[in-house]
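**Student:** Structure, please.
(chains A and B)
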Amino acid sequence: MTAPATGSAPAIWTHGLTKRYGDKVAVDNLHLEVHPGEIFGLLGPNGAGKTTTILMLLGLSEPSGGRLKVVGLDPTRSALDVKSRVGYVPDNVGFYGGLSGRRNLAYTARLNGLDRSTASAQIDRLLDEVGLADRADDPVRHYSHGMRQRLGIADALVKDPDVLILDEPTIGLDPHGADQVLGLVQRLAAERGVAVLLTSHLLTQVQQVCARVGIFTNGRMVASGTVGELAAQRGGQYLVEVGVAEKADLAPMVGEIPGVADVTADGDAWLVRARTDVRAAVAERIGGAGLTLVHLHQRSEDLGQIYRRYFAEEGSDDDTERP
Amino acid sequence: MTTPNGPETGPETGPETAPEAGTDPAGTDPARQDLVRRYGARLLTPARRIPDPLRSHVLSRRVAEHPGRGWRAVAGKEFADHVTSVRFLVLFFLLGLACIAAVMSAAGFLRDVASEATDTPSPFLLLYTQSPERIPSFAEFVGFLGPLLGIAFGFDAINQERADRTLPRLVSQPIHRDDIVNGKFVAGLGAIGLTLVLLVTVMAGVGIVRLGITPSPDDVARLFAYLVVTLLYIGLWLAFALLCSVLLRRPATAALVAMAAWLVFTLFGTFLAGLAAGALTDNQTDEVRMEHTVSQVSPSTLYDASTATLLNPQVRSVGLLTAEQLDRAVPGTLSLDQSLLVAWTHITALGAACVVIFALAYVAFLRQEVRA
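**Tutor:** Numbers count the residues shown, from 1 in each chain, chains lettered A, B, ... in the order given. This next block holds a predicted model:
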């Protein structure tokens, strides 16, 4: 669950991306990087500017400022090339209800210029992959919401994309359906090396599949990093839980380590507060003192707490602005 | 850092995107190899593995190879939808019924005429224009119901895609935005054209088999010209319905607006022209002229006048003729090119109106945000 080697070129890259509608700033100075094989989660409440960002990435909306590259191309100038390599599943994806799932995908294949035989083999494979093979010839209006969402993913894959953009892929799905969709996305990223950008306002799901997460609110990315990194940055504090087999007072010896703020007992374990990641130093010190280290881990704040904290900050900003 | 890269530049050559990469054109750079492995290997056969920038070039060529691919794909799907729709069946049944009624009525008339005089010019075309009983002739039927055909295939073209949430998916495919509107217009014209050709052909068949009247080459040419003008006229209504579907969110509203416009022009056109003329002038002769001029604004007037000229070689003017002008005029027939000469201003005006309305729909759609 870590970011891939920094050497690989990003499939999505934005620098200072900005979109204004009149006076309203929908996306403000966004820096974003998503690498091949990585799942990046854009997390934020409704109206945060997630969909606007996606439309700019697809060349469907022109940025007001900043630069962006998708698969190495500028979507504003090479919209067609970008769109032939980026699969997009809009939120609440819709299909032609009267046509079967297979026919809907065949239309997408034709729009992508695939020849009939390649397309039909591809579509059979994809329908199988998303678990819709047995319902492929039913009209889409008889599909459940979860089936539509999976058909949406198959639809985005018809063009064999390098980048997959999913807007709220799990919205309105029951937990089982959401798991199916997210499992599918995870498999795609791992097996095909597709770069995935997914937006959501549901924390648990993002936490479950995304290697890296960006927290997006009022058009601004207020934090980004791996879930662990975000959790660790608890206002610049790391929280490490240490347990040793022996009954010993760790406070004096661990407290000497540079960067450690305080050490407190927490039941059988000890809680170390530090400004930096001190896990290695703590392990070394305990080993050196002849004690047996039973466990040592960074106590992670779950994403929900981080999320709430960022939105609380946003809220307090709003409060101070009020007269 | 300040100059953006060209569209053909790969991400790994952009200094700001990956500072470590891009300086090594030989491809030994691990970052580049990683890119090819992760990124390009899947679509390419191992023998053709090429770096990413080249691949984007290959893909862009694939798009450029078929310039008409986008609108053709859209038109193909829409046309298939049209001809299999209930709407098409209903309209076809309606027009078919009108057609049968008209041909029965015209047949009776033609038998009488044929026994009396043999020098009636183009008896074949009378099949389409004559109907002595209380039933309108085929041409009248088409003139009245044609717009409905155009509206039926256009009123939900764009707004239904919005309602079904298929539009975001459609615009994210590698086609131009205007391919959607063009494809839908072409598909509508195709369905309308198919209907008209079928009806005209069926009537010709009835005329030939049951009545034994055969069309002359001139008749066939006139029918063809009639079909083209009719397609232009119905195309105008199709474009108008398309415009409504772009501007109005709900298909039902769009259909209602388009039909209201159709009724205003077809039923109340003359009445409104008379009112306007009365308001503009007091002189009675002038009023008639003025009414005639004002009524030219209505596409249905333009259409009626031009098709009357095309289907009847004896019509010599689309304008007003005074009693003095008609005095001692010898009845005669016009050849097709002369009939076209008489009607060409009307036909051109129809064509121009059609183009202008379509252009409005086109521009309105291109300026719209994807998101509702």
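
**Student:** Got the domain ranges for the chain?
**Tutor:** This is for chain A. Chain A resolves into domains spanning A:12-231, A:236-298 when parsed by automatic domain parsing.

**Student:** sorry, should have said chain B
**Tutor:** B:27-65, B:71-267+B:298-312+B:334-367.

**Student:** As a markdown table, those domains with mean pLDDT, mean neighbour count and distance to A:S120 would be great.
**Tutor:** Bear in mind the C-beta positions are built from the backbone N, C-alpha and C, glycine included. What follows is the domains of chain B, written out as a markdown table (pLDDT from 0 to 100; neighbours: other CB atoms under 10 Å in any protein chain shown; distance: least, CB to CB, whole Å):
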| stretch | mean pLDDT | mean neighbour count | distance to A:S120 |
| --- | --- | --- | --- |
| domain B:27-65 | 46 | 16 | 18 |
| domain B:71-267+B:298-312+B:334-367 | 88 | 19 | 15 |
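
**Student:** thinking again about what came up before, can you say which of the domains of chain A is nearest to chain B?
**Tutor:** Of all the domains of chain A, domain A:12-231 sits nearest to chain B, with 2.9 Å by CB to the nearest CB.

**Student:** How far does that closest one sit from its chain's centre?
**Tutor:** On the basis of CA atoms, centre = their mean, to the nearest Å, domain A:12-231 sits 11 Å off its chain's mean C-alpha point.

**Student:** What average pLDDT does that domain get?
**Tutor:** Mean per-residue pLDDT for domain A:12-231: 89.

**Student:** Flag every buried residue along stretch A:260-267.
**Tutor:** Buried positions in stretch A:260-267, judged by neighbour count with 16 or more other CB atoms under 10 Å in any protein chain shown: A:V260, A:V263.

**Student:** got the contact list for that stretch?
**Tutor:** Defining contact as CB atoms under 8 Å, 6 or more residues apart in numbering or on different chains, one finds that stretch A:260-267 is touched by A:237, A:241, A:250-251, A:254-255, A:270-275, A:278.

**Student:** Pull the one helix or strand B:A277 maps to out as CSV, backbone CA atoms only.
**Tutor:** Element membership for B:A277, per DSSP states H and E: helix B:269-280. Extracted C-alpha coordinates of helix B:269-280, given in CSV (Å, rounded to 0.1, in the frame of the first residue of the first chain):
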residue,chain,number,x,y,z
GLY,B,269,-50.2,30.8,-40.6
THR,B,270,-52.7,32.3,-43.0
PHE,B,271,-54.8,33.8,-40.3
LEU,B,272,-51.9,35.4,-38.6
ALA,B,273,-50.5,36.7,-41.9
GLY,B,274,-53.9,38.3,-42.6
LEU,B,275,-53.9,39.9,-39.2
ALA,B,276,-50.4,41.3,-39.7
ALA,B,277,-51.2,42.5,-43.2
GLY,B,278,-54.3,44.3,-41.9
ALA,B,279,-52.3,46.1,-39.3
LEU,B,280,-49.6,47.1,-41.7
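
**Student:** Show me what it is packed up against.
**Tutor:** Applying 3 or more CB pairs under 8 Å, 6 or more residues apart in numbering or on different chains; DSSP states H and E, one finds that helix B:269-280 contacts helix B:284-295, helix B:299-311.

**Student:** Looking at those, which is nearest to chain A?
**Tutor:** With CB to the nearest CB as the criterion, chain A lies closest to helix B:299-311 of the helices and strands packed on helix B:269-280, at 32.3 Å.

**Student:** Report the angle between the closest one and helix B:269-280.
**Tutor:** With axes from the mean of the first three to the mean of the last three CA atoms, to 10 degrees as the basis, helix B:299-311 and helix B:269-280 are set at 120 degrees to each other.

**Student:** Contacts for helix B:299-311, please.
**Tutor:** With CB under 8 Å, 6+ apart as the test, helix B:299-311 has contacts from B:125, B:128-129, B:139, B:143, B:147, B:222-223, B:225-226, B:229-230, B:233, B:236, B:265-266, B:269-270, B:295-296, B:315, B:318, B:336, B:339-340, B:342-343, B:346-347, B:349-350, B:353.

**Student:** Just give me how far that helix sits from the chain centre.
**Tutor:** 17 Å.

**Student:** go on, stretch B:134-151?
**Tutor:** Its chain's C-alpha centre and that of stretch B:134-151 lie 16 Å apart, by CA atoms, centre = their mean.

**Student:** Quickly find the element holding A:S84.
**Tutor:** Counting by DSSP H and E, A:S84 is part of helix A:79-85.

**Student:** returning to that earlier point: turn the domains of chain B into JSON lines, columns for distance to A:T292.
**Tutor:** Output for the domains of chain B, formatted as JSON lines (distance: least, CB to CB, whole Å):
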{"stretch": "domain B:27-65", "distance to A:T292": "41"}
{"stretch": "domain B:71-267+B:298-312+B:334-367", "distance to A:T292": "58"}
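
**Student:** And these: which comes nearest A:K69?
**Tutor:** domain B:27-65 (11.2 Å; CB to CB).

**Student:** Do a quick rundown of the strands in chain A.
**Tutor:** In chain A, strands defined by DSSP state E lie at A:12-21, A:24-34, A:39-43, A:65-70, A:86-89, A:163-167, A:195-200, A:212-217, A:220-226, A:238-244, A:260-266, A:269-274, A:293-298, listed in chain order.

**Student:** Show me what the second one is packed up against.
**Tutor:** Packed against strand A:24-34 by the contact rule (3+ CB pairs under 8 Å, 6+ apart) you find strand A:12-21, helix A:50-57, strand A:195-200, strand A:220-226.

**Student:** and with 6 Å instead?
**Tutor:** Contacts defined by 3 or more CB pairs under 6 Å, 6 or more residues apart in numbering or on different chains; DSSP states H and E place strand A:24-34 against strand A:12-21, helix A:50-57.
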